[in-house]
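K.L.:
Predicted coordinates and the sequence they were generated for:
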Amino acid sequence: GAVVSQHPSWVICKSGTSVKIECRSLDFQATTMFWYRQFPKQSLMLMATSNEGSKATYEQGVEKDKFLINHASLTLSTLTVTSAHPEDSSFYICSARDVQGLNYEQYFGPGTRLTVT
Amino acid sequence: QKEVEQNSGPLSVPEGAIASLNCTYSDRGSQSFFWYRQYSGKSPELIMSIYSNGDKEDGRFTAQLNKASQYVSLLIRDSQPSDSATYLCAVNKAGGFKTIFGAGTRLFVKA
């Protein structure tokens, strides 16, 4: 149980275009989903927290107009990187928290590797 | 002071030895504690969670929690080369909304 999927697993796009990444909880409902970014050999960096049906909460320094997050249902959240630039190239990982879980465990998706050329 | 602190390592142990990974946290009201394993190029995987003081064992893994000392540890017995990864300590703050991750400790198990 507690499986989270992400799509696509990797994507290459041209500078200036937008990319959408999907995160799905496959066998549980997630009240809260989290989006992280990780550069090579660096720590996880929380970008934003999204709750189903409400606006995402962004961490300091993360541009909400550039990284659009939609949590449309209890099983789906999307991250859209708008007007992507080479510096946005990174490993993007989502995680989800079970709505039934009182223990706050987070389950991670496999990640999406974004390369902007 | 970081909210969750871990020694970045690398920690190197020989195959078959016990690997001991440590973590301290600053929020005394924290209630939930987790260990994640992250292989290079992959996303983190939850391997242990602990909520009360003492030890919790799962196979070769033992998590230890001491809330008075604000200290969490992970012991890996009979370490294998496949255990070589970065281990992330995570703490759910009081109130439960946010989980704070440490920067991780890199573990190398030498065959």
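P.N.:
Nice, I can see it.
K.L.:
Let me know the next secondary structure element after the least confident helix or strand in chain B by mean pLDDT.
P.N.:
Least confident helix or strand of chain B, by mean pLDDT, DSSP states H and E, is strand B:99-101 with a mean of 91. The first helix or strand that comes after strand B:99-101 along the chain, using DSSP states H and E, is strand B:105-110.
K.L.:
send the alpha carbons of that next one over as PDB?
P.N.:
Listed next in PDB are the C-alpha coordinates belonging to strand B:105-110 (Å, rounded to 0.1, in the frame of the first residue of the first chain):
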ATOM      1  CA  THR B 105      23.800  11.100   6.300                       C
ATOM      2  CA  ARG B 106      25.600   9.200   3.500                       C
ATOM      3  CA  LEU B 107      26.300   5.600   4.400                       C
ATOM      4  CA  PHE B 108      28.900   3.500   2.600                       C
ATOM      5  CA  VAL B 109      29.000  -0.200   3.400                       C
ATOM      6  CA  LYS B 110      32.300  -1.700   2.200                       C
END
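K.L.:
Contact residues of chain A facing chain B?
P.N.:
Residues of chain A lying near chain B by Cβ under 8 Å from any Cβ of the partner chain: A:2, A:34, A:43-44, A:46, A:49, A:91, A:93, A:95, A:103-111. C-beta: built from backbone N, CA, C; applies to glycine.
K.L.:
which of those count as buried?
P.N.:
Buried by 16 or more other Cβ atoms under 10 Å in any protein chain shown: A:2, A:34, A:43-44, A:46, A:49, A:91, A:93, A:95, A:104-111, out of those.
K.L.:
Which members of those are positioned in strands?
P.N.:
A:34, A:46, A:49, A:91, A:93, A:95, A:106-108 (DSSP state E).
K.L.:
mind checking the SS state of the nearest residue to residue A:109 once chain neighbours are set aside?
P.N.:
Nearest non-adjacent residue to residue A:109, counting by Cβ to Cβ, 6 or more residues apart in numbering or on different chains: residue A:6, 3.7 Å away. Following DSSP: H, G, I helix; E, B strand; the rest coil, residue A:6 is assigned to strand.
K.L.:
and residue A:6, how many neighbours does it have?
P.N.:
19 (other Cβ atoms under 10 Å in any protein chain shown).
K.L.:
Tell me what it is bridged to.
P.N.:
Per DSSP bridges, the residues bridged to residue A:6 are residue A:23.
K.L.:
Could you do residue B:88 as well?
P.N.:
Per DSSP bridges, the residues bridged to residue B:88 are residue B:36.
K.L.:
Just the pLDDT for it.
P.N.:
On the pLDDT scale, residue B:88 is placed at 97.
K.L.:
swap in residue A:34?
P.N.:
95.
K.L.:
so who does it touch?
P.N.:
A:46, A:48-50, A:94-97, A:106, B:99 (Cβ atoms under 8 Å, 6 or more residues apart in numbering or on different chains).
K.L.:
quick one: contacts for residue 90?
P.N.:
All of this is about chain A. Contacts of residue A:90 (Cβ under 8 Å, 6+ apart): A:37-39, A:113-114.
K.L.:
nope, chain B please
P.N.:
Neighbouring residues of residue B:90 by Cβ under 8 Å, 6+ apart: A:106, B:4, B:33-36, B:99-102.
K.L.:
ok, now residue A:108?
P.N.:
Contacts for residue A:108 (Cβ under 8 Å, 6+ apart) come out as A:4, A:93-95, B:36, B:43-46.
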